[in-house]
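Asker: Sequence isn't available, so here's the structure alone:
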């Protein structure tokens, strides 16, 4: 599921939830809920995270296994 990939990418890039939340201009708890699948992530945040991690939105959402 997409939220697992969010956590994997974040840890692979040695980033904290706080750093990602700051990048997305939101509270850490809101971002944590995206990672845990408690809350659905908005499209604008998916796009920003795909840009940050230099991957496709499809990869970020778990629709493809290739990053590009």
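Answerer: Done, it's in. Owing to the predicted nature of the structure, the values given are computational and were not obtained by experimental measurement. Numbering: from 1, shown residues only.

Asker: drop to CA atoms for contacts and neighbour counts, all remaining ones
Answerer: Will do.

Asker: Can you find the helix or strand in the protein with the smallest mean pLDDT?
Answerer: One helix or strand of the chain scores below all others by mean pLDDT, DSSP states H and E: helix 2-12, with a mean of 88.

Asker: For the next helix-or-strand element following that helix, name the packing helices and strands.
Answerer: For helix 2-12, the succeeding helix or strand toward the C-terminus, using DSSP states H and E, is helix 17-23. Packing partners of helix 17-23 (3 or more CA pairs under 8 Å, 6 or more residues apart in numbering; DSSP states H and E): helix 28-36.

Asker: what residues are up against residue 18?
Answerer: 27, 28 (CA atoms under 8 Å, 6 or more residues apart in numbering).

Asker: cutoff 10 Å now
Answerer: Counting by CA atoms under 10 Å, 6 or more residues apart in numbering, residue 18 makes contact with 24, 26, 27, 28, 29, 31, 32.

Asker: could you check the distance from the fifth one over to residue 51?
Answerer: Meaning residue 29. To residue 51, residue 29 is 22 Å away according to CA to CA, to the nearest Å.

Asker: And for residue 42?
Answerer: 15 Å.

Asker: cool, residue 18 as well?
Answerer: Computed as CA to CA, the residue 18 to residue 51 distance reads 18 Å.

Asker: same thing with residue 63?
Answerer: Taking CA to CA as the measure, residue 63 falls 17 Å from residue 51.
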